[in-house]
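Novice: From the sequence below, what's the structure:
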Amino acid sequence: MIITIVGFKGGIGKTSTAVHLACYLQQKDKTLLVDGDPNRSASSWAGRGKLPCDLCDEESAASLAGKYKHIVIDTKARPEVEDLEALVSSCDLMVLPTTPDALALDALMLMVKAIPKNANYKILLNIIPPKPSKSGDEAMEFLKDEKLPVFNTMIRRYSAYQRASLRGVPVYESGDAKARIAWADYQKLGAEVMS
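Specialist: Residues are numbered from 1 along each chain as shown. Here you go, the predicted structure:
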């Protein structure tokens, strides 16, 4: 399975999603994480520690792809229309992370309009503020009203992700008090992706 993580806006948790989906899939079968972001965020993350999956840049991906059951690609922010067409034709699923705020949802709607009609994509509500905030539920309702494909799982905001990034490990190895709960969100998401 080839999964591409795509977003029109920065700060929506694209790299964190790519890293953790790759870590989840690695627990199922051999997985490659491809760092296609010019910022090399996934590479920086892995460079500070150790991820359980293999990592490469997009230039090396083509020669390595045949050795892996799953490939997760972290793309650059705001891809061009031609890039989107290439991504759609070369992946099984596009994951579109977004935060529940209005500006991120506006950028998401622009992205949805730019995606080719034959795309298999699903929206991920990410970095959801804790209760009593209702922004995640409100964003979910909005996306469902728009009849857009959206994951049932929402990824909640925890400082455990920042600690994991700084240590160069998956969130479940971050040592944070909320690490287990944060990882449970990605386990639920991974199960949805695999279903």
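Novice: low pLDDT regions in the protein?
Specialist: Within the chain, no stretch falls below the threshold (pLDDT under 70).
Novice: for this protein, what spans make up the strands?
Specialist: 2-5, 31-36, 54-57, 70-75, 93-98, 121-125 (DSSP state E).
Novice: Number of residues surrounding residue 83?
Specialist: The number of residues packed near residue 83 is 15, by other Cβ atoms under 10 Å. In short, each C-beta sits where N, CA and C put it, glycine included.
Novice: Over to residue 149?
Specialist: Residue 149: 13 neighbours (other Cβ under 10 Å).
Novice: what do you get for the one 3 residues further on?
Specialist: Using other Cβ under 10 Å, the number of residues around residue 152 comes to 10.
Novice: in the longest helix seen in the chain, what's buried?
Specialist: In the chain, assigned by DSSP state H, the helix with the most residues is helix 179-194. Neighbour counts using 16 or more other Cβ atoms under 10 Å place 179, 182, 183, 185, 186, 188, 189, 190, 193 of helix 179-194 among the buried residues.
Novice: For the strands of the chain, give me JSON lines that also has distance to residue 113 and mean neighbour count.
Specialist: Output for those, formatted as JSON lines (distance: least, Cβ to Cβ, whole Å; neighbours: other Cβ atoms under 10 Å):
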{"stretch": "strand 2-5", "distance to residue 113": "18", "mean neighbour count": "24"}
{"stretch": "strand 31-36", "distance to residue 113": "22", "mean neighbour count": "25"}
{"stretch": "strand 54-57", "distance to residue 113": "30", "mean neighbour count": "17"}
{"stretch": "strand 70-75", "distance to residue 113": "18", "mean neighbour count": "26"}
{"stretch": "strand 93-98", "distance to residue 113": "12", "mean neighbour count": "23"}
{"stretch": "strand 121-125", "distance to residue 113": "12", "mean neighbour count": "22"}
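Novice: and the ones you listed as JSON lines, adding distance to residue 167?
Specialist: JSON lines is the format used below for the strands of the chain (distance: least, Cβ to Cβ, whole Å):
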{"stretch": "strand 2-5", "distance to residue 167": "21"}
{"stretch": "strand 31-36", "distance to residue 167": "17"}
{"stretch": "strand 54-57", "distance to residue 167": "16"}
{"stretch": "strand 70-75", "distance to residue 167": "19"}
{"stretch": "strand 93-98", "distance to residue 167": "22"}
{"stretch": "strand 121-125", "distance to residue 167": "24"}
